[in-house]
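Asks: Attaching a predicted model along with its sequence, questions to come.
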2 protein chains.
Amino acid sequence: MLIRPKAGILDPQGEAVKASLATLGFSVTDARVGRLVDLEVEADDAASARAEVERMCAELLANPLIESFEIVADRP
Amino acid sequence: MLIRPKAGILDPQGEAVKASLATLGFSVTDARVGRLVDLEVEADDAASARAEVERMCAELLANPLIESFEIVADRP
């Protein structure tokens, strides 16, 4: 699952990455830093696995006030 | 770009996520936590953009000793 700071939310890590890249001579228009969580779940089918992971995101892994999340299934 | 701890490398964040999910009643077989960096670069074509981002990864964003990275192009 991919967790990103929502648009408009200040992202100090992203700013730091952008500044460091500039110091090294790279030019990027924008940089945002989020988290990546790889989860292995056992479920009867893809839909129930996705629903379960969605609940995990909402209850623990992402902060819905400032972050958005996207679930990417490896074996759909 | 997606940055993950390499297989076999201890991932305390992943262990913490797994334990916390178990406390909440979810069961996951495995959890690994990595980083997600969204970069916006200007380049003449997709190949040169990818090469540029690959150099950024190797020089700053990922630690090649313990992390592997994967570049996913949004507009290939």
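Replies: Perfect, thanks for sending it.
Asks: Output the set of residues of chain A in proximity to chain B.
Replies: By CB under 8 Å from any CB of the partner chain, the residues of chain A that approach chain B are A:2-4, A:14, A:17, A:20-21, A:24, A:26-42, A:52, A:55-56, A:59-61. Any C-beta I mention is one placed from the backbone N, CA and C, and that applies to glycine too.
Asks: Do you have the helices of chain A handy? List them.
Replies: All helices of chain A, identified by DSSP state H, fall at A:12-23, A:46-56.
Asks: what does the top strand by length along chain A contact?
Replies: Counting by DSSP state E, the longest strand found in chain A is strand A:30-40. With CB atoms under 8 Å, 6 or more residues apart in numbering or on different chains as the contact definition, strand A:30-40 has outside contacts at A:1-5, A:11, A:13-15, A:17-18, A:21, A:53, A:56, A:61, A:67, B:2-4, B:14, B:17, B:28-40.
Asks: okay, the helices of chain A in a markdown table with mean pLDDT next?
Replies: Shown next, in a markdown table, are these (pLDDT from 0 to 100):
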| stretch | mean pLDDT |
| --- | --- |
| helix A:12-23 | 96 |
| helix A:46-56 | 94 |
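Asks: want to throw those into JSON lines with mean neighbour count?
Replies: Shown next, in JSON lines, are these (neighbours: other CB atoms under 10 Å in any protein chain shown):
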{"stretch": "helix A:12-23", "mean neighbour count": "15"}
{"stretch": "helix A:46-56", "mean neighbour count": "15"}
